[in-house]
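Enquirer: Sequence first, predicted coordinates after that:
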Amino acid sequence: MADTAISHGHDSGHGAHVTSTGLSNNKMAMWMFLGSECLLFGGLISTYMLYKGRVNSGPQPDQIFDIPFTSVSSFVLLMSSLTMVLAVSAAQRKDDRNTNLWLTITALLGAMFVGGQVYEFTAFYREGLGFTTSLFGSSFYTLTGFHGVHVSVGIIMLMALVGMISRNRIPGNKAEAVEMVGLYWHFVDVVWIVIFTLVYLIPA
Amino acid sequence: MSTATEHNTSTEHADGHADEHHGASDKQYIVIALILAALTAIEVSTYYIDFGPLFMPTLFVLMTVKFIVVASYFMHLKFDNKLFSYLFYTGLILAVLVYAGALSTFKFFLQKG
Amino acid sequence: MAIIERPSSEVAVAGGATVGVKPSEALGVFKRPAASTSWRDWIVTVDHKKLGIMYGVAAFFFFIVGGLEAVLIRLQLIAPDGKVLNADQYNQMFTMHATTMVFLFVMPMAAAFANYFVPLQIGARDVAFPRINAFGFWCFLFGGIFLNTSWFLGGAADGGWFMYAPNSSTLFSPSHGIDFWSMGLQITGIASLTGAINLIVTILNMRAPGMKMMRMPIFTWMVLVVQFLLLFAIPVITVALFLLTFQRSFDATFFDVASGADPLLWQHLFWIFGHPEVYILILPSFGIVSEILPVFSKKPLFGYPIVAMSGAAIGFVGWGVWAHHMFASGLGPVSVTVFSLATMAIAVPTGVKIVNWVMTMWGGKLSFTVPMLFSIALVVQFTIGGLSGVTHAVAPSDTQQTDTYYIVAHFHYVLFGGAIFGLFAGFYYWWPKMFRKQLSESLGRWNFWLMVIGMNMTFGPMHMLGLQGQPRRMAVWTEARAGEGFFNLGFWNRISSIGSLVLSLGVLLFIINIVYTHKSKKVAIAPLDPWDGRTLEWMTDSPPKEHNFDSIPTINNLDEFFHRKYAQDATTHEITQVATAEEVLAEMNAHPDEHIHMPSRSYWPILLALALPVIGYGLIYNRVILAVGVAMIVLTMFGWAMEPSTAADDDFDPPAPGDGGGHTKELAPLG
Amino acid sequence: MKSSRRWSNIVKPVVAVSSLVALAGCAKDAPQDTWQPAGPNAKMIDDLQRPIFYIAGIVGVIVFAAVAWAVFRFRDRGQAMPEQTHGKPALEITLTVIPVLILIGVGIPTVGTIFDLAKTDDTEMTINVTGQQWWWEYDYPAVGDNAQVYGISEPIVTSGQLVIPEDTKVLLRVTSRDVIHSYWIPKLNGKKDSVPGRVHLLRMEGSEPGIYAGQCTEFCGLSHAYMRMEAVVLSKADYATWVANQLEPYTSPSADNALALEGEKLYLQQCARCHQVNGLLNPDGTPNVAAPDQYVVSGAAPNLTNLMTRNTFAGASWDLLTPECRDDVWNATSEEFGEKYLAGVSEDCLNQKDLREWLRNAPEKKPMYADPTKLADTGGKYRGMPALGLTEDQINALVAYLLELK
Ligand code: HEA
Ligand code: HEA
Ligand code: CUA
Ligand SMILES: [Cu+2]
């Protein structure tokens, strides 16, 4: 995750004019990073799929999931993708004020999602599903926890971006910096689309 | 002279750099978001309504559609250079194939069927 | 973008809008480090060539460590019921031997060459993300050191390099060794992943004008394939290592059979990574010999596009064969069949390479310099290893071979006879480019022959040992199972152990050669183009200036440099030299690019990387240390983000008078 | 030029090595030789691998010859700059197609053999094999043909040596109690991992009475090197004798063997909590059942009921027979083998040295996590047999007692 924060933004600036493909280095790097993340989440999801039914003690998945609640938080995350893309679009119009506005809303929606996840975790924990309770517990918390950490990193990136835009501290292409964070953010959303279906909607 | 080797590859020299503002308009984004919201609503409805044998296929199709819509429009893959799509979908497809292969050795898909 | 490659780049203007950043004001905590010639420059450098050398030195150090571990293994096995090591030490020894060789020697050594030569080969001034490059190096170094400190902190990892669960869980391996192992590899994994992204972007985006993909040197091609393999394989091992760490540090149940876990999950995750990994180890060396064979055959690489594409094909098919390491694991006949056939398929693109190398030599004008010797030896030795690989691919016969010394023979032939010989060929070939002096050819010949003989003595007998039923990873072997006569295990174990000493002597000679070459006054400075090279890295000074090329060449051909030196007579088809390397270089340097900005040095990469082992120790020992590590991460990332990658114009000193660069703006020490 | 001679130097050892590999099939007296099948399953593998090794050898020789020729023929003798050819597609395609054809030829029989080896429907006998750090347990269940055809009317539990009847399709159901091990008797079949939580099927069939060595081949921790095993193939008649002997009810040592009687007492105090001897009674007359304490990982130790009918112990790492007696059994002709094996371990033949060392301090002989000073590391859990601090007198008595367990 450390590399995520690094590869966006700041080794940036002037590439677009001179690269062999005409494409920005940063963007290319981000796309590759996301391609690589597919195998990371793929591994975690597969682990979960293999283990979700293996419950020796503690609750089963379908006994514990609160689909209406998770649907709402999934919806929140989905809508944050909309606000994110509106931020990118504002940034491309060089409209700093709206960029910052949309970025802030995105971060807030993300925070709501993470808050929901924290609530969900504590609720599950109270219902008897600890990290070490069963294979289902370990793999569920690991998968959704990894995703939650990704969202949190995204929120930090969004807020840093807001700060830097308002102080005009972004070296190089501002719209590209926003777009870069946006790519990361959408990816995190897209992963949740998969998790929501495979983990929550399809019972064990 | 080595003419034999002067092939061009698809990644080569895409025309210059595109217009700064690419992608859809804000209005279109909102429409897309509404579509996504509707699809999510159908997904969630499977929890309340019995879809019978269509249950799994519905969910998988919806998941895939949502995924691709977000990637193509919000992430601009549809408007951007194809190379980005190749990079990303290579990872994605590789992940699907490899992990599906691994799971199938656990007779994972048979247990279900 | 990190570096400003073309003369006209403007720092202050980007995306059409003026960016109101004065970089020198935007610094975080530190004043931007200045260039200097002292050791400090190595700490803060972002120069791909310096980093390449640092990768090389550190990796070679680990080679000695891993080699000494191997020698201890062989000493233990020289006689039945060996007493050199006890079982516990022995198990740590082979685990760390393999881990060190694979993750701390071959991979970073390939990274060393890739770092140094890919930008040169494609006519770039640096890699795409120089600070991330530096960060990657420090991750590798600190990860490697972290891993090895386990020796002094209660014992190293003892589960074998593929660390099968559940033997890797705390109950069965209570020392902290495996904690160090999993976190150490996690840290070096960051190096590989960032390096992969960096190099792919570099290769795709930073080629000199006219350098089409199909004009890239084959080494660059192979590096590209390898980086894609890393890009997609590293996250898989990352998942596995996370699961393992969570299991050991937080009592997760992933490999806890009592909870219903399936130990085969680990095997799949490990080998989904592990098999692409073996091609990650070999392809750089394939790239190196594909450069060397043409040079010393005075012919272009036979079937260049096919060699490039077969490399890509190997990379691709390599994803579908991982379970050939699990033929005895109980997959069931259908899966075994699929993976067995897929594995055989890999022999085809690999065979294509062998054929093309032989055909490159065919009809050429061969001179047997040391790099050439190593390259030819690779062709021969790798073929032996590859063919034994095919005998493993036949799943039923693999059930007799797996986990015996026959496998050990296979992978040392491909690894030592393949990967390592390729790297040694690279050392000898590129040494004059990197260090201005050519390694002694006569010492090099001794080096080479001792290594060839030593390697065949060490690993050749292992074929027999394995087929005679000696299993691997045995702290002792017993006379009772040794048999008699010609195939007596005792005899061949002894030969193998003695062979490992011959091999060590060979490696020692390489070190002696380095010392001799650089200490002896008799060894003169190497000429600019000592081997009559064909590719771009020879079309600049030795060692190259910090900005690599005074003017970026325009590429019209595969083997551009060769084409600038030689011309073919239109009627007689005779090839004659039309220019010397010096002349070519002089012509290029006559019109140097103006206003070259090189990326500026930075403290942040090393500081950020330093935080990672701190977190590792924290997870193992103490939550306070952990908190310190996390704080370090946050602060250094902040500092990094606040520092622009290139210092502003006014941070550069005026050009040093009399510096060969003329009006080229060399990077000068700055405040 | 000297270089061509140098080059033949490299080719020679290479050819030598590869032909030696091929020759390895003719070796004698290597107990785990993978090229000397002694049963149909191993034979199936051998029939498959032999031609493949030859093919590999031939391909290798062709490549080496091509390299050698190129090196010899095209070395720099001052010839003109060669033509800068970039390839010959026709040649390339040919040289790609040939390996493809070879591999198809290799692949087809491979697939056939994989499925032949996986056949289980004609099984005649089933044995459960459980790996544990660092020894194997065999459980011959009293079900189906086992009971009806082979007279196993009650389950037989042994360790170390697998005993099977000649020409019988035996199915091993292989699993593990702790980590992954691998079951391998090279002359009878390839290996199969024993994985905790899974049961893997492995066919065994021996065509000739004799004793066949094997070793655990999946790294399983500290004493992996000392986890060996043997398969003993007996003629059907001898097998019946073996089964009958295993099922014989337990008798305490006779009264005139005071030392052994003392040993039985000691055994009940010291050993019976881990080791089972079927039929052994507690002082109060109840049957003794081994029930190791919670600190013993995976909680089982070898069943010692008929210890002296097997001739190795502790993961088949040491002989129960003196070297002479051992050779007598191991080198017996297949006709005589059964009788000699069934004789078991007599007092004269007992390998006192190793057995006593074992009783004195087992973890010193075989590395095990059973050293109390290191127990803290494993949270008090230990594996293997601990050093029990027995006196020499106690050991004398125990040895006398163990000798009675036939
Ligand atoms: C550099 C690393 C490297 C390379 C390149 C390879 C290459 C190959 N490997 Fe190897 N392998 C390892 C490193 C490598 N391997 C390691 C480290 C292990 C052990 C891991 C462990 O257990 O610790 C291992 C283990 C291993 C196994 C598992 C064995 C076991 O544990 O039971 C198998 C099984 O199929 C295998 C097969 C192959 C094959 C088919 C190739 C092929 O790619 C080889 C292809 C090459 C040729 C075939 C020669 C040239 C071709 C021709 C001249 C054409 C004509 C040929 C024919 C028609 C046959 N390897
Ligand atoms: C690139 C990888 C690589 C390399 C280069 C090597 C190199 C060597 N390997 Fe290793 N090896 C592996 C990868 C590698 N190995 C792997 C993956 C395993 C599997 C581990 C497992 O099962 O988990 C393995 C396992 C392995 C085993 C099996 C252990 C077992 O199963 O019990 C053995 C046994 O002989 C061995 C031997 C050697 C030897 C003698 C060398 C020699 O080539 C080393 C030569 C180098 C030197 C000797 C260094 C030079 C030193 C000096 C110059 C200093 C001066 C010297 C002296 C003072 C002596 N290796
Ligand atoms: Cu049991 Cu190795
Ligand atoms: Cu492999």
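Expert: It's in. Ligands and ions are numbered 1, 2, ... in the order given.
Enquirer: gap between D:Tyr140 and D:Ala343?
Expert: The gap separating D:Tyr140 from D:Ala343 is 21 Å, by C-beta to C-beta, to the nearest Å. Using the backbone N, CA and C atoms, a C-beta is placed for each residue, glycine as well.
Enquirer: er, D:Glu357 actually
Expert: Using C-beta to C-beta, we find D:Glu357 at a distance of 24 Å from D:Ala343.
Enquirer: just checking, what packs against the helix or strand containing A:Leu161?
Expert: Following DSSP states H and E, one finds A:Leu161 within helix A:135-166. When contacts are defined as 3 or more C-beta pairs under 8 Å, 6 or more residues apart in numbering or on different chains; DSSP states H and E, helix A:135-166 sits against helix A:2-7, helix A:25-51, helix A:96-126, helix A:174-195, helix C:218-250.
Enquirer: which one of those helices lies closest to ligand 1?
Expert: helix C:218-250 (11.6 Å; C-beta to the nearest ligand atom).
Enquirer: Which positions in the closest one come out as buried?
Expert: Residues of helix C:218-250 classed as buried under the neighbour-count rule (16 or more other C-beta atoms under 10 Å in any protein chain shown) are C:218-248.
Enquirer: got the angle for the helix holding A:Leu161 vs helix A:25-51?
Expert: Orientation note: helix A:135-166 sits at an angle of 160 degrees relative to helix A:25-51 (axes from the mean of the first three to the mean of the last three C-alpha atoms, to 10 degrees).
Enquirer: Could you check helix A:135-166 and say which residues are buried?
Expert: A:135-144, A:146-148, A:150-162, A:164-165.
Enquirer: One more: stretch D:397-406?
Expert: Applying a neighbour-count criterion of 16+ other C-beta under 10 Å, the buried positions in stretch D:397-406 are D:Ala397, D:Leu398, D:Val399, D:Ala400, D:Tyr401, D:Leu402, D:Leu403, D:Glu404, D:Leu405.
Enquirer: what packs against the helix or strand harbouring the fifth one?
Expert: With the criterion set as DSSP H and E, the secondary-structure element containing D:Tyr401 is helix D:392-402. Using 3+ C-beta pairs under 8 Å, 6+ apart as the contact test, the elements touching helix D:392-402 are helix D:258-266, helix D:352-360.
Enquirer: just to confirm, which helix or strand has the spatially most central residue of chain C in it?
Expert: Nearest to the geometric centre of chain C sits C:Ala110, at 2.2 Å (C-alpha atoms, centre = their mean). Assessed by DSSP H and E, C:Ala110 sits inside helix C:107-121.
Enquirer: Give me the next element, helix or strand, following that helix.
Expert: Once the chain leaves helix C:107-121, the next helix or strand it forms, by DSSP H and E, is helix C:130-149.
Enquirer: Report pLDDT for the residue nearest to the centre of chain C.
Expert: C:Ala110 is assigned 97 on the pLDDT scale.
Enquirer: separation between the residue lying closest to D:Gln36 once chain neighbours are set aside and ligand 2?
Expert: Of all residues not flanking D:Gln36 in the chain, D:Lys187 sits nearest, at 5.9 Å (C-beta to C-beta, 6 or more residues apart in numbering or on different chains). Per C-beta to the nearest ligand atom, to the nearest Å, D:Lys187 is found 22 Å from ligand 2.
Enquirer: what's near enough to touch D:Lys187?
Expert: D:Gln32, D:Asp33, D:Gln36, D:Pro37, D:Ala38, D:Gly39, D:Ala42, D:Tyr212 (C-beta atoms under 8 Å, 6 or more residues apart in numbering or on different chains).
Enquirer: so which of these comes closest to chain C?
Expert: Nearest to chain C among the contacts of D:Lys187 is D:Gln32, at 2.4 Å by C-beta to the nearest C-beta.
Enquirer: wait, isn't A:Ile165 in contact with A:Thr99?
Expert: Yes: assessed by C-beta atoms under 8 Å, A:Ile165 is found in contact with A:Thr99 at 6.2 Å.
Enquirer: Could you pull out the residues contacting both of the two?
Expert: Both A:Ile165 and A:Thr99 are in contact with A:Val178, where contact means C-beta under 8 Å, 6+ apart.
Enquirer: Would you map out the domains in chain D?
Expert: Domain assignment for chain D by automatic domain parsing gives D:31-72+D:119-245, D:258-310+D:345-402.
Enquirer: same thing with chain B?
Expert: Looking at automatic domain parsing, the domains of chain B come to B:24-77, B:81-113.
Enquirer: hey, least reliable of the ones you listed by pLDDT?
Expert: domain B:81-113 (a mean of 86).
Enquirer: Secondary structure element for the residue nearest the centre of chain B, which one?
Expert: Geometric centre of chain B, nearest residue: B:Ile68, 3.3 Å, by C-alpha atoms, centre = their mean. Assigned by DSSP H and E, B:Ile68 belongs to helix B:55-69.
Enquirer: Check which residues of that helix are buried.
Expert: Those would be B:Thr58, B:Leu59, B:Leu62, B:Met63, B:Lys66, B:Phe67, B:Val69, for helix B:55-69 by 16+ other C-beta under 10 Å.
Enquirer: Hey, what's the angle from it to helix A:174-195? Just curious.
Expert: 180 degrees.
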